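1. Predicted model and sequence follow; I will ask about them next.
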Amino acid sequence: MGEEKKALFIIFGGTGDLANRKLYPSLYRLYKKGYLKDHFAVIGTARREWSNDYYREIVMKNIEELTESTEHAAAFASHFYYQSHNVKDTEHYVNLEKLACMLDEKYQLEQNRLFYLAMSPKFFGIIAKNIKEQNLLTENGFDRLIIEKPFGHDYDSAYELNEEIRASFTEDQIYRIDHYLGKEMIQNISAIRFGNQLIESMWNNRYISNIQVTLSESLGVEERGGYYDTSGALRDMVQNHILQVVALLAMEPPTRLKDSEIRDEKIKVLRALRVYNDEEVRKNFVRGQYGKSTIEGSTLHGYRKEANVDPESQTETFVAGKLFIDNYRWAGVPFYVRTGKRLAEKGSQIDIEFKNVPLNLFQEEAEEDLPPNVLSIFISPVEGFSLKLNTKKIGPGMRTEPIHLTHTHSAEMTANSPEAYEKLLLDCLNGDATNFTHWDEVAASWIFIDAIRQAWNKVECAFPNYPSGSMGPIESDDLLKRDGFHWHWEPEAE
Ligand code: NAP
């Protein structure tokens, strides 16, 4: 059982998809593990007129699959309170404050408050302002603000949003969530690197030829067409998740595994990203948009036919790119990244390709090149690692063959490992910001992304340019082929 935390959660957007699918189940998991027990309360707020009873029913429905017994679920749900509230209406914050004070006393929460903004980002500024102006911030406990992505749609809008929020909260009270950072195998990157001399001593441009990051989704935009069409894969996936993974892969060892030290190292990486001019963007970045295709007898329509999407849309649903980190450790090592929707398979994987041996002693016999060593990190749905090595083939002569040393977490371990949102909520309760993004990281990421976006905006693309169910446009493969490499993770080939 974990150590009990005392806090009031105020969830703005308490009737929404994120709250229902992720937050309530995660809070229940923390309850089951004893991190939340007697001294916690949740206020859910949104415009809908719900009663406390109805709200509790909804909460219980959302945790149905996790519950041990109805009594246990009901005991958990009894800590939930609902208040109808339009975030634009100042008056309502007064009622919210009264309810918060009442619950603080009732559950002895020591004035610890966690404000979770599970709503459209357009409301973040006004909510933060009202929280402060209507005295929802406490004097004695902690006040922490959790903000969902996206944080702005470019550097200027992110800066403006940050200024608005910073008028009410200090940087160390702001937890910008990136749920990728809560994933087990993303957190494992530091363990693999800094727990193994074998790996870390080779973790540089002398031994690594290239690094590949793939975050692949098999679904299309589903009901999110309206939002997605104003965003695209570059903003939705690369600016946050992919650049965060790159930063963790490339950062220098922190002096301690503490949030501030890790962030300092990640910020240095993001600032060292080479920002491209238009010509370099054209050479190093590929964009794509899915078209229709027929898979197993059923027709999937193209992106432009999705609900709430402009039929002439220039929004990319796929990005592949080659990044450079201009520092001593990584000079000359390309980081290839790709992400997209309606790809062949859902999965996230990192592949680290090592340089070839200086001399292939086996060439005469085998008449072929030795394949390079590759360390693969499987993030999802499989969690684990694989190291590809060359060994002697059984039999006469000295022919070699590649083998894979593979460790994957069992299905049971994966199922029992804490969900990303559960971990991040607990981190926030503990005041540990390691797995949240600092403003400086957000700023550096947007500067890199804006250069690509601006170059793309100048030229129309002949979309759609990849069929649903493929691994993106052919130019994505060419990006690596030009350099003598190929994507290590190719679902079709498996
Ligand atoms: P959603 O389902 O549309 O929920 C929006 C919530 O905001 C609802 O509870 C809605 O309730 C409330 N709301 C809207 N206008 C309001 C107003 N003026 N005053 C008070 N409440 C208002 O959205 P979501 O999918 O949960 O997403 C929330 C945030 O999380 C977004 O920033 C999104 O980008 C991010 N996010 C979501 C997911 C996910 O899996 N869903 C994943 C990653 C990030 P009423 O209509 O009752 O007011």
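-> Structure's in. What do you need?
2. what about the closest residue to Ile352 other than its chain neighbours, which helix or strand?
-> By the measure of C-beta to C-beta, 6 or more residues apart in numbering, the closest residue to Ile352 outside its immediate chain neighbours is Leu375, 4.4 Å from it. C-beta coordinates here come from the backbone N, C-alpha and C atoms, glycine included. Counting by DSSP states H and E, the element that carries Leu375 is strand 374-380.
3. which strands and helices sit next to that strand?
-> Using 3 or more C-beta pairs under 8 Å, 6 or more residues apart in numbering; DSSP states H and E, the elements in contact with strand 374-380 are helix 184-194, strand 347-354, strand 384-392.
4. try 10 Å this time
-> Under the contact definition 3 or more C-beta pairs under 10 Å, 6 or more residues apart in numbering; DSSP states H and E, strand 374-380 sits against helix 184-194, strand 208-216, helix 243-250, strand 347-354, strand 384-392, strand 400-408.
5. That one pairs with which strands, and in what direction?
-> Counting by DSSP bridges, the strands paired with strand 374-380 are strand 347-354 (antiparallel), strand 384-392 (antiparallel).
6. Now do the contacts for the residue nearest to Glu419 when sequence neighbours are not counted.
-> In space, Glu419 comes closest to Ser26 once its chain neighbours are excluded; the distance is 5.8 Å by C-beta to C-beta, 6+ apart. Contacts for Ser26 were tallied using C-beta atoms under 10 Å, 6 or more residues apart in numbering; they are Ile63, Leu66, Gly182, Pro418, Glu419, Ala420, Tyr421, Glu422, Lys423, Leu424, Leu425, Leu426.
7. Report the buried residues of the longest helix seen in the chain.
-> Looking only at the chain and at elements set by DSSP state H, the helix with the highest residue count is helix 439-457. For helix 439-457, burial by neighbour count (16 or more other C-beta atoms under 10 Å) applies to 439-446, 448-453, 455-456.
8. Could you break the chain into its assigned domains?
-> With automatic domain parsing as the criterion, the domains of the chain are listed as 7-148, 181-242+278-423+455-481.
9. that older thread, with mean pLDDT, mean neighbour count and distance to the ligand added, can I get the helices and strands packed on strand 374-380 in JSON lines?
-> As requested, the helices and strands packed on strand 374-380 are arranged in JSON lines below (pLDDT from 0 to 100; neighbours: other C-beta atoms under 10 Å; distance: least, C-beta to the nearest ligand atom, whole Å):
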{"stretch": "helix 184-194", "mean pLDDT": "94", "mean neighbour count": "17", "distance to the ligand": "16"}
{"stretch": "strand 208-216", "mean pLDDT": "98", "mean neighbour count": "22", "distance to the ligand": "14"}
{"stretch": "helix 243-250", "mean pLDDT": "98", "mean neighbour count": "24", "distance to the ligand": "14"}
{"stretch": "strand 347-354", "mean pLDDT": "97", "mean neighbour count": "22", "distance to the ligand": "15"}
{"stretch": "strand 384-392", "mean pLDDT": "96", "mean neighbour count": "15", "distance to the ligand": "25"}
{"stretch": "strand 400-408", "mean pLDDT": "95", "mean neighbour count": "13", "distance to the ligand": "26"}
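10. Trp203 and Leu248 touch, don't they?
-> No - Trp203 sits out of contact with Leu248 when judged by C-beta atoms under 10 Å, with a separation of 11.9 Å.
11. Now do the shared contacts for those two.
-> Contact with both Trp203 and Leu248 is made by residues Arg193, according to C-beta under 10 Å, 6+ apart.
12. hmm, back to that, which single one of the contacts of Ser26 is nearest to Ser51?
-> Distance to Ser51, by C-beta to C-beta, is smallest for Ile63 among these, at 18.9 Å.
13. what helix or strand does the residue lying closest to that closest one once chain neighbours are set aside sit in?
-> Residue nearest to Ile63 in three dimensions, not counting chain neighbours: Tyr28, with 4.2 Å by C-beta to C-beta, 6+ apart. Tyr28 belongs to helix 24-32 when assigned by DSSP H and E.
14. Buried residues of stretch 484-494, list them for me.
-> Phe485, Trp487, His488, Trp489, Pro491.
15. The first one and Phe448, how far apart?
-> For Phe485, the distance to Phe448 (C-beta to C-beta, to the nearest Å) stands at 22 Å.
16. could you say what helices and strands the lowest-mean-pLDDT helix or strand in the chain packs with?
-> Taking mean pLDDT, DSSP states H and E as the measure, helix 363-366 is the helix or strand of the chain with the lowest mean score, a mean of 77. Of the remaining helices and strands, those touching helix 363-366 by 3+ C-beta pairs under 10 Å, 6+ apart are strand 400-408.
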